[in-house]
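1. show me how the following folds:
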Amino acid sequence: MWVDPTGDHVLVYVDPRLTVEGALTEAGIGQVNTALSHVPGAPSLEAAVSCR
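-> Now for the predicted structure:
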């Protein structure tokens with residue numbers, strides 16, 4: 001997984017093994033929130049708004 005802060009957006013790329021039928025698993029959610037916590041100004045996954 002990696003986080004790509006690009007301008008007004010923060011893109012998160014996740015290993016498909018952290019998903020089930022396209023939805024993040026609990027472990028995936030935890031890993032995304034941990035990654036986002038290292039990006040200044042990035043919201044948590046729960047507070048984020050999808051740009052798609």
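2. check the secondary structure at Arg17 for me.
-> Secondary structure for Arg17, judged by DSSP: H, G, I helix; E, B strand; the rest coil, is helix.
3. and it, how many residues sit next to it?
-> 9 (other CB atoms under 10 Å). Where you see a C-beta, it was placed from the backbone N, CA and C, and this is true even at glycine.
4. kindly report the same for Val12.
-> Val12: 19 neighbours (other CB under 10 Å).
5. got it, and Ala48?
-> Per other CB under 10 Å, the neighbour tally for Ala48 reads 15.
6. check contacts around it.
-> With contact set as CB atoms under 8 Å, 6 or more residues apart in numbering, Ala48 has these partners: Val10, Leu36, Ala42.
7. surely it is within a strand?
-> No - the assignment for Ala48 is coil, going by three-state DSSP, so no strand is present there.
8. for Thr25, state which of the contacts of Ala48 is nearest.
-> Closest to Thr25 out of these is Leu36 (16.4 Å), distances taken as CB to CB.
9. OK, contacts around that closest one?
-> Val3, Val10, Val12, Ala42, Pro43, Ser44, Leu45, Ala48.
10. what distance do you get for the residue sitting furthest away from the middle of the chain to Trp2?
-> Relative to the centre of the chain, the most outlying C-alpha is that of Glu21, 16.6 Å out, by CA atoms, centre = their mean. In this structure, Glu21 lies at 23 Å from Trp2, with CB to CB, to the nearest Å as the measure.
11. from one end of stretch 19-30 to the other, what's the distance?
-> Using CA to CA, to the nearest Å, the span of stretch 19-30 from its first residue to its last is 12 Å.
12. likewise for stretch 22-42?
-> Here the two ends of stretch 22-42 are set 22 Å apart, with distance taken as CA to CA.
13. surely Leu24 and Val32 touch.
-> Yes - here Leu24 reaches Val32: they are 6.7 Å apart, a contact under CB atoms under 8 Å.
14. tell me, what's touching these two both at once?
-> Residues touching both Leu24 and Val32 (CB under 8 Å, 6+ apart) are Val14, Leu45.
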